[in-house]
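Student: pasting the sequence and the predicted model now:
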Amino acid sequence: MQRLLEERIPGPEFSISQPVRDNILESISQIKGQVVIKVSGENLEVLTDQAQAILAQVKHVDGVESAFIDRDGSLPQLRIDIDRDRAARYGLNVQDIDAVIETAIGGREVGQLWEGERQFPISLRLSDADRDLQRLRTVPVGTASGQTVTLGDVADFTMASGAINISRENAQRVKAVSIFIAGRDMGSVVADMRRQVDATIDLPEGYRIDWSGEFENQQRAMARLGWVVPLSVLIIFVLLFDAFKDVTSAALILANVPLAMIGGILALLLTGIPLSVSAAIGFIALFGQAVLNGVIMLTRFGQLREQGMALYDAVVQGALQRLRTVLMTALLAMFGLLPMATSHAIGAETQKPLAVVVIGGLLSAMLLTLLVLPTLYYWVHRRREQRRGGAAMEVEAV
């Protein structure tokens, strides 16, 4: 939308925001933006120049939807510089002159007006018509000797531009570049921006760059998932082994996990959604459903074998008998998540990856569980029976 507006209406700068998303992002780094590059230092002009240089480097990186300097801009200001030497010659100090300026421009409370039980402050200041630059220069200032001088005699008046906002962190001034990302995963975009900034930006001594924003939480979450997922798979394997008392059966059930991942990965690729924490959580939920399908299938195969049915017949009949169960479970979950996967409402970007991964993974797991898992089960147990048969023949020969 922003690009369309800029193309159709050249000139003005447009800023499109989502209140819910912006509030969440501001709670992370106190600045609106998925990625925030903060430049810290003392001189505000240097900070502004460095922030503009960083903005020029990162806004063209592939995956950057929009980039801007946070709270940028200027306001006209009246600057009054008191000349201490001239003031001293008239016997005035800075506090005396400040008091006159405060009274003339801001007003000073000189009394109270009571109207019944209501109290109103009485303030003294120049009228709006008299508070222009020329009139302020002629405001009289009384000296200790009884002489009267004007503000223009002891101060210089200039019109200048000043910053709209001066942000501070850790007792230093900060200028921030806010960045929103679309079309690529956040980790890759941040890596490209880091390389670009490190190669082109040379900060003066006493200034530094800090990276913050949503990607920090994503990196921490991904780091935790890096050991949580393998640990979860190990625990699932131990529980399956305890249930089936057979390493082969536990391994066959876990073979459903990569089958489900195929569909989840393809779903992300087809929809153009990058890998995120939400998508990773979707994969974890998908693993549980894939393991459940495998347990249902292998349990039925084992029951039919215990009833004396031949291996091939047990696999075929078991797959057919559990077809309805697997289909109902998968379709129920998919239809339940379909509104999340197709939503474009505010906040959908946090739910959509999870739903897309689960739906895509269940599609592949549903199809492959009914075909690949029975085939693998038949192949493994057939080889086991052949080995047992060969060993029995050797014993008889002996």
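Tutor: All right, it came through fine.
Student: which stretches in the stretch 151-300 of the chain count as strands?
Tutor: Using DSSP state E, counting those that start in this stretch, the strands of the stretch 151-300 of the chain run over 155-163, 167-169, 172-181, 208-213.
Student: so which of those strands is the most surrounded?
Tutor: Stretch with highest mean neighbour count among these: strand 172-181 (a mean of 23; mean count of other Cβ atoms under 10 Å). For glycine as for every other residue, the C-beta is placed from the backbone atoms N, C-alpha and C.
Student: what average pLDDT does that strand get?
Tutor: Mean pLDDT, strand 172-181: 84.
Student: surely residue 325 meets residue 296?
Tutor: Yes. In terms of Cβ atoms under 8 Å, residue 325 counts as a neighbour of residue 296; the distance is 5.8 Å.
Student: neighbour count: the two, which is higher?
Tutor: Per other Cβ atoms under 10 Å, whichever of residue 325 and residue 296 has more neighbours is residue 296, with 17 against 14.
Student: so that one sits right up against residue 326, yeah?
Tutor: Yes. The pair residue 296 / residue 326 is scored as a contact, 6.6 Å apart, by Cβ under 8 Å.
Student: show me the domain layout of this protein.
Tutor: Listed by automatic domain parsing, the domain ranges of the chain are 2-73+166-215, 75-162, 246-397.
Student: now tabulate these in a markdown table and tack on distance to residue 221.
Tutor: As requested, the domains of the chain are arranged in a markdown table below (distance: least, Cβ to Cβ, whole Å):
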| stretch | distance to residue 221 |
| --- | --- |
| domain 2-73+166-215 | 10 |
| domain 75-162 | 40 |
| domain 246-397 | 4 |
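Student: of all these, which one is nearest residue 231?
Tutor: Nearest to residue 231, of all the domains of the chain, is domain 246-397, at 11.4 Å by Cβ to Cβ.
Student: now the closest one, how far from the centre of its chain.
Tutor: Centroid separation for domain 246-397 versus its chain: 33 Å, with Cα atoms, centre = their mean, to the nearest Å.
Student: and it, average pLDDT?
Tutor: In this model, domain 246-397 has an average pLDDT of 81.
Student: longest helix of this structure?
Tutor: What stands out as the longest helix in the chain, according to DSSP state H, is helix 348-397.
Student: show me the contacts for residue 311.
Tutor: The contact partners of residue 311, taken as Cβ atoms under 8 Å, 6 or more residues apart in numbering, are 305, 378, 381-382, 385.
Student: give me the buried subset of these.
Tutor: 305, 378, 381 (16 or more other Cβ atoms under 10 Å).
Student: would you format these as a markdown table with distance to residue 281 included?
Tutor: As requested, the buried ones among the contacts of residue 311 are exported to a markdown table (distance: Cβ to Cβ, whole Å):
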| residue | distance to residue 281 |
| --- | --- |
| 305 | 37 |
| 378 | 34 |
| 381 | 35 |
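Student: which one of those residues is nearest residue 175?
Tutor: Nearest to residue 175, judged by Cβ to Cβ, of those is residue 378 at 66.4 Å.
Student: in which helix or strand would I find the nearest residue to the closest one once chain neighbours are set aside?
Tutor: Nearest non-adjacent residue to residue 378, counting by Cβ to Cβ, 6 or more residues apart in numbering: residue 315, 4.7 Å away. Per DSSP states H and E: residue 315 is located in helix 311-321.
Student: and that helix, which residues are buried?
Tutor: Applying 16+ other Cβ under 10 Å to helix 311-321 flags 311, 314-316, 318-319 as buried.
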